[in-house]
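*Asks:* Predicted model, plus sequence, below.
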Amino acid sequence: MTPDPKYTKKPYKPKRAQKSQLLSRMVEKIVKPVFGKRGFSNAAIITNWAEIVGPELARFSAPEKLTFSRDGSSGGILHLKTITGGMATEIQHLEPIIIERINRHFGYKAVVGLRLSQGPIPQEESTTAPEIKLSQEQELALNESLKNIEDEEIRLTLARLGKSIVGRNRGES
């Protein structure tokens, strides 16, 4: 006699506490309180600063905080930090253009003015490693050891690796 299927128990499956989430959403939840204290409702103005003002201005300036009036009805004042006083003067002359770019980026009048301060700003680290110079003998030995590798991309990658190893052994890297 076979048991009736509607009375049999299903195997126990533990429920997952959380479903998979995008990493960007998880990071956003973590950094939102920090950015909120600085007046940034989201990190878009910080993460897209180079895109908004251009890479040249972004190298010498960084948004610090965004303040709004008490009633919250008017646009905010963006506090920028610049590296030098000369760059602060340059940004003062470009203020209407910078404000227009910020507001165009957000699609509404988010910023109505800039306040500048001078000081160090975080710089993005260079992604390119410095070129390591090898002696002629070292270069020939490296090329000789890689001559049997047919794949061009692998050969170039191994050549860069070899140069960095030789440079490190010489104390240059």
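*Replies:* Now that the structure is in, tell me what you want to look at.

*Asks:* What's the separation between residue 69 and residue 108?
*Replies:* Going from residue 69 to residue 108 by Cβ to Cβ, to the nearest Å gives 16 Å. To be clear about C-beta, it is placed using only N, CA and C from the backbone, and glycine gets the same treatment.

*Asks:* With neighbour numbers in mind, choose between these two.
*Replies:* residue 69 (11 against 8; other Cβ atoms under 10 Å).

*Asks:* Name the helix or strand for that one, please.
*Replies:* Assessed by DSSP states H and E, residue 69 sits outside every helix and strand.

*Asks:* swap in residue 96?
*Replies:* Per DSSP H and E: helix 85-106 holds residue 96.

*Asks:* Repeat that for residue 156.
*Replies:* Going by DSSP H and E, residue 156 is part of helix 152-170.

*Asks:* which of the residues in that helix are buried?
*Replies:* Buried residues in helix 152-170, defined by neighbour count with 16 or more other Cβ atoms under 10 Å: 159, 162-163, 166-167.

*Asks:* min pLDDT across those residues, which one?
*Replies:* Lowest pLDDT of the buried residues of helix 152-170: residue 167, 71.

*Asks:* Ignoring the adjacent residues along the chain, who's closest to it?
*Replies:* Ranked by Cβ to Cβ, 6 or more residues apart in numbering and with sequence neighbours excluded, the top spatial neighbour of residue 167 is residue 132, at 3.8 Å.

*Asks:* Can you list the low-confidence ranges for the chain?
*Replies:* Confidence mapping of the chain against pLDDT under 70 gives the ranges 1-43, 71-74, 123-131, 168-173.

*Asks:* Would you map the helices across it?
*Replies:* Counting by DSSP state H, the chain has helices at residues 23-37, 44-47, 49-53, 55-60, 85-106, 136-146, 152-170.

*Asks:* Can you give me the domain boundaries for the protein?
*Replies:* According to automatic domain parsing, the chain comprises the domains 24-118, 136-170.

*Asks:* Tell me which of those sits most buried.
*Replies:* domain 24-118 (a mean of 14; mean count of other Cβ atoms under 10 Å).

*Asks:* returning to what we had before: if you count contacts, what does the helix holding residue 96 end up packed against?
*Replies:* If you count contacts as 3 or more Cβ pairs under 8 Å, 6 or more residues apart in numbering; DSSP states H and E, helix 85-106 packs onto helix 44-47, helix 49-53, helix 55-60, strand 76-82, strand 111-118.

*Asks:* between these, which one is nearest to residue 104?
*Replies:* Nearest of the helices and strands packed on helix 85-106 to residue 104, taken as Cβ to Cβ: helix 49-53 at 8.6 Å.
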